[in-house]
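# pasting a predicted model and its sequence here:
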Amino acid sequence: MPRRDSLSLNEWAVLACLVERDRHGYDIASELAPGADLGGVWRVPRPVVYRALDRLVALGLAAPCHAEPGAGGPPRQVFAPSEAGRARLGEWLVQPVDHLREVRSALLLKLTVGRRLAVDTRPLVAAQRRHFERSLAALTAPPVTDDAVALWRHHSAAAVQAFLDDLWERGAPA
């Protein structure tokens, strides 16, 4: 069962933006929009960014720090990560994802955030390779049936294996 204070991928993405620098919600939403660096990995709509900010504040992982004038509108509240927020993000960045299906979302987000924050991602890639070792070995053999699901899992596992191997050989760039 997930921890009561566990974060969604949306909340991790917002926290990562705050750890990068203090920001207001509109700025965070622009970083998580299609076409932006982080938005190319994980998109978070503006209303969800504000809900994530509220939750991060409620959990003590972020706090409002000051307001700045809005462009033709009301002042914008700027948020900063707390020390606990910085620590939680640091812990998250080195934890491998649990399932192969999370490589496209959570692992790519971790690798991209790591690159942006100048965090060495090699420990994450090493941990991820170890974590998937058994499941990849079981799925990399081609299925003996015409089962489309088994064939999909085989090809997905082979792609994840090739991706992790390539990351490792390149020194785990993001």
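Here it is on my side, so go on.
# assign the closest residue to residue 22 other than its chain neighbours to helix, strand or coil.
Here the nearest residue to residue 22 in space, its sequence neighbours aside, is residue 80; by Cβ to Cβ, 6 or more residues apart in numbering that works out to 4.4 Å. Bear in mind the C-beta positions are built from the backbone N, C-alpha and C, glycine included. Residue 80 carries the three-state label strand when classified by DSSP: H, G, I helix; E, B strand; the rest coil.
# thought residue 80 was touching residue 18?
Yes. Look at residue 80 against residue 18 with Cβ atoms under 8 Å: they come within range, at 6.4 Å.
# can you list contacts of the helix or strand where residue 113 lies?
Counting by DSSP states H and E, the element that carries residue 113 is helix 108-116. Among residues not part of helix 108-116, those counted as contacts by Cβ atoms under 8 Å, 6 or more residues apart in numbering are 9, 12-13, 16, 20, 37-38, 41-42, 89, 92-93, 97, 119-121, 124, 167, 172-174.
# cool, and stretch 53-66?
5, 7, 11, 14-15, 18, 22, 25, 28, 77-82, 84-85, 88.
# bridging residues for residue 67?
Counting by DSSP bridges, residue 67 forms beta bridges with residue 77.
# could you count how many residues lie near it?
12 (other Cβ atoms under 10 Å).
# pick out whichever of residue 80 and residue 18 has more residues nearby.
residue 18 (25 against 16).
# circling back: tell me the pLDDT of the residue nearest to residue 22.
At residue 80 the predicted local distance difference test score is 98.
# give me the distance between it and residue 122.
Distance, residue 80 to residue 122, using Cβ to Cβ, to the nearest Å: 29 Å.
# how about the closest residue to residue 98 other than its chain neighbours, secondary structure?
Distances taken as Cβ to Cβ, 6+ apart put residue 131 closest to residue 98, at 7.7 Å, once the chain neighbours are dropped. Taken by three-state DSSP, the conformation at residue 131 corresponds to helix.
# show me where the chain has its strands.
Chain-ordered strands for the chain, with DSSP state E as the definition, fall at 23-24, 62-68, 76-81.
# mind putting these into CSV with distance to residue 149?
Below are the strands of the chain laid out as CSV (distance: least, Cβ to Cβ, whole Å):
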stretch, distance to residue 149
strand 23-24, 42
strand 62-68, 41
strand 76-81, 41
